[in-house]
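Engineer: Return atomic coordinates for the entry below.
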Amino acid sequence: MTRVLLLHPGAMGSSLGSNLVENGHEVYWVSEGRSEATEARAAQASLTQTGSLTAAVTEVEVVLSVCPPENAIEVGRAVAETGFLGTYCDANAIAPATSQRLLDIYGDRYVDGGIVGPPPRVQGHTRLYLSGPNAKQILDLFQSTRVQTEVLVNGPLSASAMKMCYAAYTKGTAALILGIRALAEHYGVSNALQAEWSQAQNSLWDRSERMGPGTSRKAWRFAPEMREIAKTFGGAELPSGFHEAAAEIYSRMASLKHEEDVETTRVLQYLLAGRND
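Structural biologist: Next up is the predicted model:
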């Protein structure tokens with residue numbers, strides 16, 4: 001049994017924590033400053049509550065960070081400032097250059113992670129890529145769970161690179177398609193585009209209709225992720241502008257975070273209205 005501190009139990013984090021608890025590990029979370037919704041998710045996942053970060057790190061051997069990408073460095077520094085001496089795993093959607101900053105803090109105690117897929121509620125849909133000297137320690141935690149784990153050996157930041165490459169296509173093309181839909185709406189050619197896509201692109205219109213509802217509540221997280229991907233392209237001396245634009249697409253949708261059942265037409269209205277922001 002390993003004692004793990006999970007920062008923080010959002011939709012993905014609580015599901016990862018639940019898998020660890022089911023696998024016989026004790027998983028802690030910090031309630032200080034967290035919402036009632038977070039507390040409810042943590043309780044449902046059978047996580048152990050602690051009041052503060054300082055108290056929590058004295059109880060655990062591993063810290064697992066699952067937070068919005070723009071908070072990854074802040075969370076990592078906060079843990080380091082407590083004097084934590086165990087293994088720190090960042091499983092956020094961050095660029096290798098961002099992950100390097102955490103590697104500089106933790107050295108060989110750092111594990112780079114990248115999650116592909118939805119929260120692991122069923123078998124076979126979620127993969128956790130890991131890299132770094134202590135990667136096997138995290139892999140062992142998830143053995144026999146609904147999380148498929150794989151250690152990448154092409155360098156200590158390979159897991160973040162893998163996540164960036166994967167999301168560059170999946171979330172990047174979703175932003176592109178929604179942008180095209182907004183463009184067609186602006187020029188009054190949506191019906192013509194629908195007819196052409198139906199003939200030449202085999203259900204692309206139907207796919208675009210699902211993208212509005214599918215991304216609207218998560219766009220606030222996707223925007224910073226696209227900026228991390230742009231940073232990754234830039235680090236490889238490749239053009240980064242496409243994913244900077246994708247970040248802008250998602251930023252215009254960010255205020256839809258709390259709305260249920262958002263139709264694609266409403267998403268397009270938000271994208272077009274953003275022209276004058």
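
Engineer: Please enumerate the strands of the protein.
Structural biologist: With DSSP state E as the criterion, the chain has strands at 3-7, 26-30, 48-50, 62-65, 87-90, 110-116, 126-131, 147-151.

Engineer: Tabulate the ones you listed (JSON lines), appending mean neighbour count and distance to Leu238.
Structural biologist: Glycine gets a C-beta too; all of them are placed from N, C-alpha and C. Shown next, in JSON lines, are the strands of the chain (neighbours: other C-beta atoms under 10 Å; distance: least, C-beta to C-beta, whole Å):
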{"stretch": "strand 3-7", "mean neighbour count": "24", "distance to Leu238": "32"}
{"stretch": "strand 26-30", "mean neighbour count": "23", "distance to Leu238": "38"}
{"stretch": "strand 48-50", "mean neighbour count": "17", "distance to Leu238": "43"}
{"stretch": "strand 62-65", "mean neighbour count": "24", "distance to Leu238": "27"}
{"stretch": "strand 87-90", "mean neighbour count": "27", "distance to Leu238": "23"}
{"stretch": "strand 110-116", "mean neighbour count": "25", "distance to Leu238": "19"}
{"stretch": "strand 126-131", "mean neighbour count": "23", "distance to Leu238": "21"}
{"stretch": "strand 147-151", "mean neighbour count": "18", "distance to Leu238": "25"}
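
Engineer: Spit out the contact partners of the residue nearest to Phe142 when sequence neighbours are not counted.
Structural biologist: Sequence neighbours aside, Thr149 is the residue nearest to Phe142 in space, at 4.9 Å (criterion: C-beta to C-beta, 6 or more residues apart in numbering). Neighbouring residues of Thr149 by C-beta atoms under 8 Å, 6 or more residues apart in numbering: 127-130, 138-139, 142-143.

Engineer: repeat that with 10 Å
Structural biologist: Applying C-beta atoms under 10 Å, 6 or more residues apart in numbering to Thr149 gives the contacts 113, 126-130, 135-136, 138-143.

Engineer: Between those, which sits nearest Gly51?
Structural biologist: Closest approach to Gly51 among the contacts of Thr149 (C-beta to C-beta): Leu141, at 24.3 Å.

Engineer: And the closest one, how far from Asn19?
Structural biologist: 9 Å (C-beta to C-beta, to the nearest Å).

Engineer: need the contact list for Leu103.
Structural biologist: Leu103 touches 76, 88, 90, 96, 109-112, 132, 156-157, 160, counting by C-beta under 10 Å, 6+ apart.

Engineer: Contact partners for the closest residue in space to Gly172 that isn't next to it in sequence?
Structural biologist: Distances taken as C-beta to C-beta, 6+ apart place Ala246 nearest to Gly172, at 5.1 Å, with adjacent residues excluded. Contact analysis of Ala246 by C-beta under 10 Å, 6+ apart lists 168, 171-176, 178-179, 222-223, 225-227, 229-230.
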